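**Q** Pasting the sequence and the predicted model now:
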Amino acid sequence: MKCSDRDYIKKLNEEQRRAVMHTGSPLLILAGAGSGKTRVITTKIAWLIDCCGVDPRSILAVTFTNKAAMEMKNRVSVMVPEAENVMIRTFHSFGAWFLRRNAHLADLPARFSIYDDDDSKTLLHSLFPEYRKADLKPYARKISRAKDFCLSPDDDLSAISFEGTFQSMYAAYERRMAETGCVDFGDLILKPLRLLKGNGELRERIRKRFSIILVDEYQDSNIAQYELLKQLYGEDSYICVVGDDDQSIYSFRGAQVKNILTFPESFKGAEVVKLEQNYRSTETILKIASEVVKKNSSRLGKTLWTTNEKGPRAVVSVLNNQTEEAEFCAKLLEDGNLEGTAILYRTNAQSLSFESYFLNRKIPYRIVGSLKFYEREEVKDSLALFSIILNPSDEIAFSRVVNKPARGIGEKTLSVILDRVYSTGEDLVTASEKAAELLSGKSSVSVREFAGMIKRFRQELDDSQPVDYLKMILSDSGLLGYYKKIDELSGTQKVKNLEELVNAASNYPPGAEGLMHFLEDMELDRTRLAGNDAANVSGVTLITMHNTKGLEFDRVIITGMEEGLFPSRPDENEDALEEERRIFYVSITRAKKELYLTSCRQRRIWGRLSIQYPSRFLNELPESCIDSKSGGGGSVNSFPPGTWVYHNDYGTGQVWKEWDNGRDTVILVRFESGRTAQFLPKYTDLEKISPDNEW
């Protein structure tokens with residue numbers, strides 16, 4: 001049987017077949033979303049073995065997750081049993097394999113240990129016991145990032161951190177790692193790279209062993225992984241990478257989109273095959289995705305197409321607030337298609353309004369790829385602080401927050417306080433004041449200050465508005481500043497979660513009673529959430545845009561389409577904006593049949609209603625593919641200057657100016673209150689009126 005008659009070849013389209021049967025020069029397979037890239041790379045392995053007579057042991061295929069590696073191995077083994085001998089691993093798994101066999105060259109014991117992220121924090125804590133372990137997490141992340149950039153402690157680390165202590169901490173960390181004979185995840189790439197660079201004999205030996213190199217999800221590779229590939233690739237090697245520049249969305253993990261953009265220059269003579277036929281989505285969804293992403297300049301360029309049905313137009317719905325946003329999603333789910341629906345959001349904090357709304361209405365859901373809101377460290381810390389204010393005998397809450405952020409109150413000091421509680425029956429605040437008299441030095445001062453702070457919070461609770469009160473205690477306790485620093489160092493969004501927690505208190509009455517009911521409701525929500533495990537519960541999927549990559553759903557609802565939320569960093573440089581647009585592209589292409597997008601006119605930020613503006617990305621959607629809906633059925637007719645209007649939140653006003661921004665009509669309205677605001681009538685619930693009296 002001719003190779004072209006093999007079943008696995010006959011199932012391919014023309015471009016897929018071209019990619020599979022390519023040999024010789026380096027190859028970049030530019031695989032659009034839903035274009036069957038996994039089929040192509042697994043079929044290529046099978047074809048090389050079955051039709052080209054390649055020794056399976058000479059093939060190295062690397063990807064980024066164990067799940068992807070396992071799927072690839074299973075698929076190719078079904079086509080060609082001999083493929084069992086192909087090395088299909090993650091980058092880090094390959095690095096570990098390489099180091100085990102060359103440990104003596106890397107000055108490592110043969111049975112070296114591999115440290116995970118928590119092990120790295122523990123090691124740093126042993127070196128710098130004056131820090132709390134949690135406070136060392138950002139430094140562990142920086143060390144990992146430095147290794148992704150191929151940087152040692154002796155290199156210029158300004159791209160990673162300007163903090164003066166970081167370089168010495170990194171150096172001490174590396175010395176201890178060498179002394180204990182251990183490696184971390186960054187070392188699994190960096191140490192093989194350095195060995196191959198510095199040892200020509202070893203480099204030639206490994207190039208002869210693996211004459212064919214295949215890389216999946218190449219757009220997610222970092223600098224160290226790119227450099228490692230350059231060392232593995234020799235004159236007699238064949239390299240093929242598969243990826244999509246339009247789906248490069250992990251720069252915060254060190255991924256470099258330039259790796260795929262510059263592949264033809266980095267590997268001379270490279271050819272590019274584009275997989276543009278999509279097997280997942282409707283024609284309408286693909287047109288929307290292509291129109292959006294073509295606004296980016298940093299891309300190689302491709303246009304998705306399909307033989308699937310045209311499908312319904314996408315719906316853009318502008319709503320008053322996040323409660324209406326959750327209600328809108330709930331109404332869509334009334335058709336019963338919970339399993340086939342995903343609700344996407346830019347930040348984890350946005351899940352709270354959906355979790356609360358769905359819990360109250362008994363709509364089953366699952367959170368994918370992240371902790372549920374109430375399980376997040378910063379939320380649990382805040383609730384513990386609120387709890388100790390109401391109940392100064394809450395030992396669990398007290399133990400959680402007494403030394404957070406670090407106040408120098410260690411385990412021994414905490415034991416002194418608890419011993420007094422057990423012996424006298426005093427509450428923890430009173431016991432802390434008394435215990436401070438028995439302690440000395442910094443611990444005595446810290447315990448006294450903490451007890452005084454809690455007493456002040458208790459005194460200021462009466463008749464205080466919940467939002468203002470909670471903001472005050474988060475700030476004065478140091479928790480807000482503590483998590484702001486973590487966000488700055490680690491690129492997390494913990495402050496956003498604290499903001500959403502404060503927002504949730506806005507509807508409660510003032511004083512101790514309001515705080516008590518707030519905590520009670522939070523606790524009930526946590527209890528109900530406890531059994532709602534994502535792996536076991538069926539229902540609508542709640543998921544961040546980043547975590548949805550690689551997944552697909554019949555119906556996708558992209559929420560929070562507002563400036564400052566998505567794009568989340570609208571004022572940063574063009575590269576950051578282009579990555580946000582790629583995140584949008586990835587989100588759109590998760591949808592198979594239906595696509596909805598929501599934007600809120602107002603959103604609670606730190607308990608205050610903030611006027612929101614529609615995301616600039618909405619203006620990039622092709623009008624022929626969009627149905628626009630406005631909460632309350634607002635008119636999209638012209639609003640010439642002088643038109644009197646009514647808005648539910650602003651009241652009565654008059655249009656002062658109308659202009660076209662190149663896409664939509666924009667109007668400026670002056671209201672009787674003296675406020676002015678801009679609106680896009682297409683998306684806004686404005687009612688034309690004829691007032692009895694002018695003003």
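**A** Nice, thanks for sending it over.
**Q** Can you list the buried residues in stretch 87-101?
**A** Under the neighbour-count criterion of 16 or more other CB atoms under 10 Å, stretch 87-101 has M87, I88, R89, T90, F91, H92, S93, F94, G95, A96, F98, L99 buried. Heads up, the C-betas are built off the backbone N, CA and C, glycines and all.
**Q** Need these in CSV (columns: secondary structure).
**A** What follows is these, written out as CSV (DSSP: H, G, I helix; E, B strand; the rest coil):
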residue, secondary structure
M87, strand
I88, strand
R89, strand
T90, strand
F91, helix
H92, helix
S93, helix
F94, helix
G95, helix
A96, helix
F98, helix
L99, helix
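**Q** Identify the farthest-apart pair in those.
**A** I88 and L99 (18.4 Å; CB to CB).
**Q** how would you label Y646: helix, strand or coil?
**A** strand.
**Q** okay, it: pLDDT?
**A** pLDDT for Y646: 85.
**Q** Residues in contact with the helix or strand harbouring L195: which ones?
**A** In this assignment (DSSP states H and E), L195 forms part of helix 187-198. Residues from elsewhere that reach helix 187-198 (CB atoms under 8 Å, 6 or more residues apart in numbering): 91-92, 94-96, 98-99, 102, 105-106, 108, 114, 147-148, 150, 177, 183, 202-203, 206, 224-225, 227-228, 231-232.
**Q** repeat for stretch 397-408
**A** Outside stretch 397-408, the residues within contact range by CB under 8 Å, 6+ apart are 131-132, 134-135, 380-381, 383-385, 387-388, 391-392, 409-410, 414, 417, 428, 442-443, 446, 449-450, 477-479, 481-482.
**Q** can we see that at 6 Å?
**A** Residues outside stretch 397-408 that contact it (CB atoms under 6 Å, 6 or more residues apart in numbering): 132, 381, 384-385, 387-388, 409, 428, 442-443, 446, 478, 482.
**Q** swap in stretch 311-326?
**A** So stretch 311-326 is in contact with 282, 284, 288, 328, 353-354, 357, 559, 593, 595-603, 625-631, 683, going by CB under 6 Å, 6+ apart.
**Q** Mind checking which of those residues are buried?
**A** By 16+ other CB under 10 Å, those give 282, 284, 288, 328, 353-354, 357, 559, 593, 595-603, 625-626, 628-631, 683 as buried.
**Q** Please enumerate the helices of the stretch 501-650 of the chain.
**A** 511-530, 574-588 (DSSP state H, counting those that start in this stretch).
**Q** what mean pLDDT would you report for the first one?
**A** Helix 511-530 comes out with an average pLDDT of 69.
**Q** Stretch 680-695 now?
**A** pLDDT averaged over stretch 680-695 gives 66.
**Q** try stretch 296-306
**A** 94.
**Q** Report the buried residues of it.
**A** N296, R299, K302, L304, T306.
**Q** Next step: the residues you listed restricted to helices.
**A** Residues of the buried residues of stretch 296-306 located in helices (DSSP state H): none.
**Q** out of those residues, who's nearest L28?
**A** Using CB to CB, these come closest to L28 at K302, 11.6 Å.
**Q** how about the closest one, phi and psi?
**A** Main-chain torsions, K302, degrees, to the nearest 10: phi -170, psi 160.
**Q** Please report the distance of the spatially most central residue of the chain from K412.
**A** Closest to where the C-alpha atoms of the chain average out (CA atoms, centre = their mean) is H546, at 4.6 Å. To K412, H546 is 42 Å away according to CB to CB, to the nearest Å.
**Q** N199 now?
**A** For N199 relative to K412 (CB to CB), the value is 51 Å.
**Q** where does stretch 272-288 sit relative to the chain's centre, distance-wise?
**A** Offset of stretch 272-288 from its chain centre (CA atoms, centre = their mean, to the nearest Å): 24 Å.
**Q** Count the neighbours of the residue nearest to G24 when sequence neighbours are not counted for me.
**A** The shortest distance from G24 to any residue other than its chain neighbours is 7.3 Å, reached at Y238 (CB to CB, 6 or more residues apart in numbering). Around Y238 there are 19 other residues, counting by other CB atoms under 10 Å.
**Q** and the nearest residue to H104 once chain neighbours are set aside, what helix or strand is that in?
**A** Nearest residue to H104, sequence neighbours excluded (CB to CB, 6+ apart): A110, at 7.7 Å. Under DSSP H and E, no helix or strand contains A110.
**Q** before we move on, what about the one 10 residues further on?
**A** Applying DSSP H and E as the criterion places S120 in helix 117-127.
**Q** Nearest to E658 among the helices of the stretch 501-650 of the chain would be which one?
**A** Smallest distance to E658 across the helices of the stretch 501-650 of the chain (CB to CB): 28.2 Å, for helix 574-588.
**Q** which regions of the stretch 251-400 of the chain lie under the pLDDT threshold?
**A** 369-372 (pLDDT under 70).
**Q** change it to 80
**A** 369-375, 394 (pLDDT under 80).
**Q** Let's see the helix or strand S432 falls within as PDB, backbone CA atoms only.
**A** Using DSSP H and E, S432 sits within helix 428-438. Written as PDB, here are the backbone C-alpha positions of helix 428-438 (Å, rounded to 0.1, in the frame of the first residue of the first chain):
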ATOM      1  CA  LEU A 428      -8.100  36.500  72.700                       C
ATOM      2  CA  VAL A 429      -7.900  40.200  72.700                       C
ATOM      3  CA  THR A 430      -7.900  40.500  76.500                       C
ATOM      4  CA  ALA A 431      -5.500  37.600  76.700                       C
ATOM      5  CA  SER A 432      -3.200  39.300  74.200                       C
ATOM      6  CA  GLU A 433      -3.000  42.500  76.300                       C
ATOM      7  CA  LYS A 434      -2.200  40.500  79.400                       C
ATOM      8  CA  ALA A 435       0.300  38.200  77.600                       C
ATOM      9  CA  ALA A 436       2.100  41.300  76.300                       C
ATOM     10  CA  GLU A 437       3.100  42.100  79.900                       C
ATOM     11  CA  LEU A 438       4.900  38.700  80.100                       C
END
